[in-house]
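Visitor: Sequence isn't available, so here's the structure alone:
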């Protein structure tokens, strides 16, 4: 079951049912499996519990590093970077996502690379660099198409490209 009902066209943040997210977080409780930790990170992020999210994200990265696959570690690092982004640590999030995207592309993991580029685009979007955001979203779209991603993933990337284009135009008119 997806908790994402859509994306805010102005902020690109997930639109979720907060009650369902809180219920799911309670349901997961203190489970320590890597999938449970990753889900908790995401839920804490969308519930704006960023301090808790950062602690769990760091746990997830450690666990993935010790007992997971390289793909697991990349996914955990990407989610960790999204917490950094939401906390306003754009440079740190950008650096982490860049390393993840490069490693995933180097391994031929287009889906994970697209996930990293999509989120790096959101970091750039939040930081006000709409040209870089658009470039990242375009790269994510290409990789998602290449990997046969689901329609909802393609749509979210197209929405992000459109939002970056709108912001670029608004920023150029304002200056």
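Guide: Arrived safely. The shown structure was predicted, so the numbers you read here are calculated from the model rather than taken from an experiment.

Visitor: Name the residues of the longest helix along the chain that come out as buried.
Guide: Secondary structure of the chain read by DSSP state H shows that its longest helix is helix 151-174. For helix 151-174, burial by neighbour count (16 or more other CB atoms under 10 Å) applies to 153-154, 156-157, 159-161, 163-164, 167. C-betas here are computed from N, CA, C, even on glycine.

Visitor: Looking at those residues, spot the one nearest residue 43.
Guide: residue 156 (18.3 Å; CB to CB).

Visitor: wait, what's in contact with that closest one?
Guide: With contacts defined as CB atoms under 8 Å, 6 or more residues apart in numbering, residue 156 is in contact with 7, 118.

Visitor: Recalculate using a threshold of 10 Å.
Guide: Neighbouring residues of residue 156 by CB atoms under 10 Å, 6 or more residues apart in numbering: 4, 6-7, 12, 14, 118, 137, 140-141, 144, 149-150.

Visitor: go on, residue 76?
Guide: By CB under 10 Å, 6+ apart, the contact list for residue 76 reads 34, 37-38, 41, 57-65, 68, 100.

Visitor: Give me the buried subset of these.
Guide: For the contacts of residue 76, buried by 16+ other CB under 10 Å: 34, 37-38, 41, 57, 59-61, 63-64, 68, 100.

Visitor: Of these, which one scores lowest on pLDDT?
Guide: Ranked by pLDDT, the buried ones among the contacts of residue 76 bottom out at residue 68 (93).

Visitor: Let me see the contact set for it.
Guide: 34, 38, 60-62, 74-76.

Visitor: Nearest to residue 25, out of these: which one, please.
Guide: Closest to residue 25, out of all of these and judged by CB to CB, is residue 38, at 12.8 Å.

Visitor: Is it correct that the closest one is in contact with residue 73?
Guide: No: between residue 38 and residue 73 there is no contact under CB atoms under 10 Å: 11.2 Å.

Visitor: can you list residues touching both of those two?
Guide: 60, 63-64.

Visitor: In a markdown table, list those residues along with distance to residue 81 and secondary structure.
Guide: Formatted as a markdown table, the shared contacts of residue 38 and residue 73 follow (distance: CB to CB, whole Å; DSSP: H, G, I helix; E, B strand; the rest coil):
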| residue | distance to residue 81 | secondary structure |
| --- | --- | --- |
| 60 | 12 | helix |
| 63 | 17 | helix |
| 64 | 14 | helix |
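
Visitor: Distance of the residue nearest the centre of the chain relative to residue 174?
Guide: For the chain, the residue nearest the mean C-alpha position is residue 119 (4.1 Å; CA atoms, centre = their mean). Residue 119 sits at a distance of 26 Å from residue 174 (criterion: CB to CB, to the nearest Å).

Visitor: I am finished for the moment; much appreciated.
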